[in-house]
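Let me see the structure of the following:
(2 chains)
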Amino acid sequence: MSAAEPLLRFSRVGKEYGSHIVLESISTQVQEGEFVSLVGTSGCGKSTFLKMLLGTEQPSSGEAFLGGKPLAAEPGPDRGIVFQKYSVFPHLTVQQNVLAALEFSRSPWLGKLFGGAKKAALEEVALWLDAVGLSRAKDLYPHSLSGGMQQRLAIAQALIKQPRILLLDEPFGALDPGIRKDMHQLLLRLWSQHKLTVFMVTHDLHEGFYLGTRLWVFDKTRHDPQAPDRYGSTITYDLALHLNNQQAVQEIAEQLDAADVARLQLSPSTGDSTHA
Amino acid sequence: MKRWINAWPSRPVAALLGALPFVLVFFIYLWGSNLRLQENPNDKLLPAFSQIGAAMDELVLQPSARTGEYLFWQDTQSSLRRLGLGVLAAASLGLLAGLLTGALPMLGAGFTPFITAISLIPPMAVLPILFIVFGLDELSKVMLIVIGIAPTLMRSVYHNCRELPAEQWVKAQTLGAHSGQVMLRVLLPQLTPRLIDSVRLSLGSAWLFLIAAEAIASNDGLGYRIFLVRRYMAMDVILPYVAWITLLAFLTDFALARLNRWAFPWYNPASRH
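Residues are numbered from 1 along each chain as shown, chains lettered A, B, ... in the order given. Next up is the predicted model:
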């Protein structure tokens, strides 16, 4: 444990809805610059955990700190988010979508910039559109963009605010495998260029392994078949992922995959196409 | 032979099928009118088109002997002004109340039950109150339209507001927007085209309330005229007036649909089909 305060600290955090316990006793720390992948079966609470980070859900017990301060109880500009869908504003063009991110803070009353201030902001917007490869689509509305382009836009929109942490909620789940690969490259590039701290929920283990520097598996440690809601999930695996232990990573991936498949009684849908 | 559920008409066939009921009604009328007029040339129930033309000529093209006005155009202007004012006021109220109650949970909790209750009052039942409070001239007629359709519009804007994806509300907050900015830049622009759609649906009710108010207390207006000439069984005026009102309603609806497509290209993009 480092002496400095970590960027994010969870101390015995739990979440329950009435008698339905979703998460229990989560204690962990995350340093700046880490890329944490959150995986687990559906209903394991990984999305609930992300919502607590986001501020749309509050912990029922325990304490959570971001940068030494208690985690805010509502979403704010220090935490960027990219959802699987509906992440961009359909009534704004690509350029306006990213511009709005700047306008909210720079124009406190109307949330709209004019004249020189707008011109300056548009130059910043252009840099980010270029970074995600959307310069040529800047005047299009989101409905005429492909799924991958919409997610690129959502990423640019989130990152122009320079959030302390970037939250990704199954951001590539609805994309074709080829497009998903491109998005992985884009995300890794932006992550290393801008020293981002990322939390990504994914149902694709391979994606989690491939992108993350750290992998959390959410699962229940205790299970009462008579009362399935009695015990919540916690982080059962906390793995540091390095490029030099790809071999180990792959083995664990296959193990977890097999467990996952056995539990869900489904056939694997993704194959190993996302492995580098 | 394809199943009937898969038998789609081609464009010209669809146009033909669409025109068929109109043509059919036209000829049935013609046939009925001839039949009755043969029996009694003074029959008033199904006037011939020549009789309708003569009656309307007086109202449309000749100035009234009493006031010097062209009654048909005077009626149209008065009715459209009342309708326009009423619908505009109702739409503004609907947008404002729907946005505020939809966006701010405190206001929503405070006013949604009240608005629901108000919307259940039959507007025609409060018409006497309107006449007593606002007098018998223009204001009470406009108010009937407002009271008739504003609550529905408020409720529909409220529901549209709540139905905007939660992701967008959260996203705006993560971009640093405060409540006012979320309302102004995220909700309002997305609710406006939906409001126009709701207005299109409530135009039928708006006409209903307009004609009712004009029938009961007025000196001009399309509804006034119809109910006035009813005393003389003047079908030769009533029928073309009804057709004219229908045409006006259709044109208003068409214009609003066009406005929505032109002003909000991102909304309901038809180009995808």
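
Might you report the residue contacts of residue B:216?
Taking C-beta atoms under 8 Å, 6 or more residues apart in numbering or on different chains as the criterion, residue B:216 is in contact with B:127, B:131. From N, CA and C alone the C-beta is placed, and that goes for glycine too.

Return the residues of the stretch 151-276 of chain A in contact with chain B.
Counting by C-beta under 8 Å from any C-beta of the partner chain, the positions of the stretch 151-276 of chain A adjacent to chain B are A:154, A:157, A:158, A:161, A:163.

Swap in 7 Å and give it another go.
Contact residues, the stretch 151-276 of chain A versus chain B (C-beta under 7 Å from any C-beta of the partner chain): A:157, A:158, A:161.

for the chain, what are the low-confidence residue spans?
In the absence of a named chain, chain A is used. Low-confidence segments of chain A (pLDDT under 70): A:1-4, A:242-276.

Hmm, no, I was thinking of chain B.
B:269-273.

thinking again about what came up before, for the residues of the stretch 151-276 of chain A next to chain B, which one is nearest chain B?
residue A:161 (5.9 Å; C-beta to the nearest C-beta).

contacting residues for that closest one?
Listed by C-beta atoms under 7 Å, 6 or more residues apart in numbering or on different chains, the contact set of residue A:161 reads A:77, A:80, A:101, B:175, B:176.

Would you mind measuring from it to residue B:76?
Distance check for residue A:161 against residue B:76: by C-beta to C-beta, to the nearest Å, it reads 55 Å.

same thing with residue B:205?
20 Å.

Also residue A:220?
Applying C-beta to C-beta, the value for residue A:220 to residue B:76 is 72 Å.

So which of the contacts of residue A:161 are in strands?
residue A:80 (DSSP state E).

Can you give the distance of the top helix by length along chain B from its chain's centre?
The residue-count maximum for a helix in chain B (DSSP state H) belongs to helix B:71-103. Relative to the mean C-alpha coordinate of its chain, helix B:71-103 is positioned 10 Å out (C-alpha atoms, centre = their mean, to the nearest Å).

Domain map for chain A?
A:33-58+A:71-78+A:164-276, A:82-162 (automatic domain parsing).

Give the residue from residue B:205 and residue B:76 that has the larger number of neighbours.
Under the criterion of other C-beta atoms under 10 Å in any protein chain shown, the comparison of residue B:205 against residue B:76 puts residue B:76 first, with 20 against 15.

burial measure for the nearest residue to the more buried one once chain neighbours are set aside, as a count.
The shortest distance from residue B:76 to any non-neighbouring residue, by C-beta to C-beta, 6 or more residues apart in numbering or on different chains, is to residue B:222 (6.4 Å). Using other C-beta under 10 Å, residue B:222 is surrounded by 26 other residues.

I'd like to know the phi and psi angles of residue B:222, please.
phi -60, psi -40 (degrees, to the nearest 10).

thinking again about what came up before, quick one, which of the domains of chain A gets closest to residue B:237.
Among those, the nearest to residue B:237 by C-beta to C-beta is domain A:82-162 (46.9 Å).

start to end distance for that closest one?
In domain A:82-162, first residue to last residue: 14 Å (C-alpha to C-alpha, to the nearest Å).

Please apply the same query to stretch A:225-239.
End to end - C-alpha to C-alpha - stretch A:225-239 spans 29 Å.

Distance from the chain centre to stretch A:148-167, please.
10 Å.

Out of the contacts of residue A:161, grab the one that's most surrounded.
Result: residue B:175 is most packed of these (other C-beta under 10 Å), 31 neighbours.

gap between it and residue A:134?
17 Å.

same check, this time on residue B:69
61 Å.

So residue A:23 belongs to a strand, correct?
Yes. Looking at residue A:23 with DSSP: H, G, I helix; E, B strand; the rest coil, it is inside a strand.

which residues touch it?
Going by C-beta under 7 Å, 6+ apart, the list of residues near residue A:23 reads A:13, A:14, A:15, A:45, A:48, A:49, A:232, A:233, A:234.

The second one against residue A:62, yeah?
Yes. Shown here, residue A:14 and residue A:62 form a contact pair, counting by C-beta atoms under 7 Å, at 5.7 Å.

Now do the shared contacts for those two.
Contacts common to residue A:14 and residue A:62, judged by C-beta under 7 Å, 6+ apart, are absent.

Helices of chain A, residue ranges please.
A:46-54, A:94-106, A:115-131, A:147-159, A:177-194, A:205-211, A:246-264.

tell me the angle the fifth one makes with helix A:147-159.
The directions of helix A:177-194 and helix A:147-159 differ by 20 degrees, with axes from the mean of the first three to the mean of the last three C-alpha atoms, to 10 degrees as the criterion.
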